[in-house]
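>>> My questions concern the predicted model and sequence given below.
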Amino acid sequence: MKISEVLKQFEIFVSNEEKVILNKLETLLPIDSYNDRERFVIENLVRKSLVSKVKHNNTYMVVKNEH
């Protein structure tokens with residue numbers, strides 16, 4: 001089996017709560033615009049490499065990664 005075949009079948013588990021927040025992250029927004037629970041979930045999505053967190057003028061911005 002080739003690595004490309006394995007990667008096509010590879011899927012990262014995402015909870016229902018993560019899916020809802022991931023759908024909200026279509027545009028670049030400051031992480032401060034989310035409540036505490038949403039920030040916690042966003043940090044988990046960053047660890048899973050599904051979301052990018054970028055520092056811009058002393059503010060952290062978040063956006064969904066392309067799949």
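Good, I have the coordinates.
>>> residues touching Phe40, list them.
Under the criterion of Cβ atoms under 8 Å, 6 or more residues apart in numbering, Phe40 has no neighbours. Bear in mind the C-beta positions are built from the backbone N, C-alpha and C, glycine included.
>>> wait, is it part of a helix?
Yes - according to DSSP: H, G, I helix; E, B strand; the rest coil, Phe40 belongs to a helix.
>>> residue ranges of the strands in this protein, please?
For the chain, the strands defined by DSSP state E occupy 29-30, 51-56, 59-64.
>>> and those strands, which is most packed in?
strand 59-64 (a mean of 16; mean count of other Cβ atoms under 10 Å).
>>> Parallel or antiparallel, list what pairs with that strand.
strand 29-30 (antiparallel), strand 51-56 (antiparallel) (DSSP bridges).
>>> Contacts for that strand, please.
Contacts for strand 59-64 (Cβ under 8 Å, 6+ apart): 22, 25-32, 42, 46, 50-55.
>>> could you measure Lys55 against Arg47, distance?
Computed as Cβ to Cβ, to the nearest Å, the Lys55 to Arg47 distance reads 17 Å.
>>> re earlier: figure out which of the strands paired with strand 59-64 is closest to Asp36.
Nearest of the strands paired with strand 59-64 to Asp36, taken as Cβ to Cβ: strand 29-30 at 14.5 Å.
>>> Mean confidence (pLDDT) on that closest one, please.
Averaging pLDDT along strand 29-30 gives 92.
>>> from the chain's centre, how far out does that strand sit?
How far strand 29-30 lies from its chain's middle: 13 Å, per Cα atoms, centre = their mean, to the nearest Å.
>>> cool, stretch 57-64 as well?
12 Å.
>>> May I have the distance across stretch 31-40, first residue to last?
Stretch 31-40 has its terminal residues 10 Å apart, counting by Cα to Cα, to the nearest Å.
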